[in-house]
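Peer 1: A structural model of the following input is requested.
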Amino acid sequence: MHVTHLHLVDYRSYSEVQVALRPGVCVFVGSNGQGKTNLVEAVEYLATLGSHRVAGDQPLVRAGAERATVRARVQAGVDDDRSLLLELDIVPGKANRAKLNRAPLTRARDLLGALVVVLFSPEDLAVVKGDPSERRRFLDDLLVSRWPRFAGIRADYDRVLRQRNALLKSLSGRSGRVAGADVAATLDTWDEHLALLGAELIVARLATLTDLAAHLDTEYRAIAPVNNEARATYVSGNPVVADVPLTRDEVAEVLRARMAERRHEEIARGVSLVGPHRDDILLEIGSLPAKGYASHGESWSLACSLRLASFRLLRTDGIEPVLILDDVFAELDHTRRQRLAGGIADAEQVLITAAVADDVPSELDGARYRVDGGTVTPEDEPDA
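Peer 2: Below you'll find the model as predicted:
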């Protein structure tokens, strides 16, 4: 899978730009603030409906414009001429509109799976050093890349969680007592929805993390200059992690029981205390947790290894993702640069941004583009 053509209209700093891309390595070089990251972010957004830089859509639309449009032609493979045209209109405050091969889609998320990317950027340090929400997002984004239907399950879970929290908040301050049978029945209904959707998420997370672990330590040892083991373990406030994987129904029953046990506490605090939104991933290097103990270099190596392990896992699933490295090499020392370059040389397409061309290892020779003042200019093709 690779992108052959990218077309942006009123996206970020671009009023309009079109870029022809090729398989292999594509490097966008330019000074800071010239729009390099905007290009690869647009590819990411088309693939995931999200950005690694911002939470909302408003910053994606050029100042003064009402909407932004991202189009990309995606080819199935180097030896496969089949292609898809993906289009997305980003309209802040409204539902985004998507098309596939010019045909409108009912929902924007129906576009998911047509293009799959793995993106590594400086923001990924938050996966190692940041709050549990960063690690949950990393894992949930990966499972959606594997199984796009989970985008709908995530959205449904978030909606149920908001509704349940609103009900709990309305009941808080009543000394833990639920007023009236109708209110109790309503809370029981939300409990059931939360348990079923939460169980689906937890089972998928556990399966994905188990599969990811098979690649994580290998990738970490390949990048880090020291020989330490890297591990990722699911951490839950509910007894859902077992040597024998639990089924969805079994996890749902655990969540129902925990919600029943903590109902008074949840009402008193006005918030849901049970469910996958409270879980975390423990990342370890050697015998110590990475958060709080890993050096800056170790944290970078682990963050990079998580992305490369994701790339390998998706390939194992039969998916060939586009690999995006956004301003990464400037943050790595020479050893890690060379090791990272060696680990991605076989990717079908790699999109790289760099402020300094020499930061990109020579092993990643390929097409180069100069980005300057809103224009993207291909440089001479590399020698054969």
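
Peer 1: so D372 makes contact with G30?
Peer 2: Yes. The pair D372 and G30 passes the contact test of C-beta atoms under 8 Å, sitting 5.4 Å apart. C-beta here means a position set from N, CA and C on the backbone, and glycine is covered the same way.

Peer 1: who's more crowded, those two?
Peer 2: A count of neighbours by other C-beta atoms under 10 Å puts G30 above the other of D372 and G30, at 23 against 13.

Peer 1: if I look at the more buried one, how far off is V40?
Peer 2: 12 Å (C-beta to C-beta, to the nearest Å).

Peer 1: now G24
Peer 2: Applying C-beta to C-beta to G24 and V40 gives a distance of 15 Å.

Peer 1: for S299, same thing?
Peer 2: 22 Å.

Peer 1: Who has more neighbours out of the two?
Peer 2: Between S299 and V40, V40 has the larger neighbour count (other C-beta under 10 Å), namely 24 against 20.

Peer 1: could you list every residue that touches the more buried one?
Peer 2: 28, 119, 324, 326, 351, 353 (C-beta atoms under 8 Å, 6 or more residues apart in numbering).

Peer 1: Run through the helices of the stretch 1-150 of the chain in chain order.
Peer 2: 36-48, 125-129, 132-146, 150-171 (DSSP state H, counting those that start in this stretch).

Peer 1: Throw the ones you listed into JSON lines and include distance to G237 and mean pLDDT, thanks.
Peer 2: What follows is the helices of the stretch 1-150 of the chain, written out as JSON lines (distance: least, C-beta to C-beta, whole Å; pLDDT from 0 to 100):
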{"stretch": "helix 36-48", "distance to G237": "28", "mean pLDDT": "94"}
{"stretch": "helix 125-129", "distance to G237": "20", "mean pLDDT": "94"}
{"stretch": "helix 132-146", "distance to G237": "11", "mean pLDDT": "95"}
{"stretch": "helix 150-171", "distance to G237": "15", "mean pLDDT": "94"}
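
Peer 1: The ones you listed: which one's closest to T335?
Peer 2: Across the helices of the stretch 1-150 of the chain, the minimum distance to T335, taken as C-beta to C-beta, is reached by helix 125-129, at 18.4 Å.

Peer 1: The closest one packs against which elements?
Peer 2: Counting contacts by 3 or more C-beta pairs under 8 Å, 6 or more residues apart in numbering; DSSP states H and E, helix 125-129 is packed against helix 132-146, helix 296-316.

Peer 1: Now stretch 202-220: buried residues?
Peer 2: 202-206, 208-209, 211-213, 215-217, 219-220 (16 or more other C-beta atoms under 10 Å).

Peer 1: Which one of the contacts of V40 is nearest to E265?
Peer 2: Closest to E265, out of all of the contacts of V40 and judged by C-beta to C-beta, is L119, at 38.9 Å.

Peer 1: which residues does the closest one contact?
Peer 2: Contacts of L119 by C-beta under 8 Å, 6+ apart are 40, 44, 52, 307, 323-326.

Peer 1: Distance check, it against S299.
Peer 2: Taken as C-beta to C-beta, the span from L119 to S299 is 18 Å.

Peer 1: now the end-to-end length of stretch 316-329.
Peer 2: One end of stretch 316-329 to the other measures 26 Å (C-alpha to C-alpha, to the nearest Å).

Peer 1: for stretch 315-332, same thing?
Peer 2: 25 Å.

Peer 1: swap in stretch 327-347?
Peer 2: 18 Å.

Peer 1: which residues does C26 contact?
Peer 2: 349-352, 366-369.

Peer 1: What pLDDT is listed against it?
Peer 2: As predicted, C26 sits at a pLDDT of 94.

Peer 1: Run the angle between the longest helix along the chain and helix 132-146 for me.
Peer 2: Ordering each helix of the chain by length in residues (DSSP state H) puts helix 181-223 first. Helix 181-223 and helix 132-146 are oriented at 80 degrees to each other (axes from the mean of the first three to the mean of the last three C-alpha atoms, to 10 degrees).

Peer 1: how much space between G366 and L313?
Peer 2: Per C-beta to C-beta, G366 is found 24 Å from L313.

Peer 1: These two: which is more packed in?
Peer 2: The neighbour count for G366 versus L313, taken as other C-beta under 10 Å, is higher for L313 (22 against 17).

Peer 1: List the residues that contact that one.
Peer 2: 142, 146, 208, 211-212, 214-215 are the contacts of L313 under C-beta under 8 Å, 6+ apart.

Peer 1: Fine by me, we can end here.
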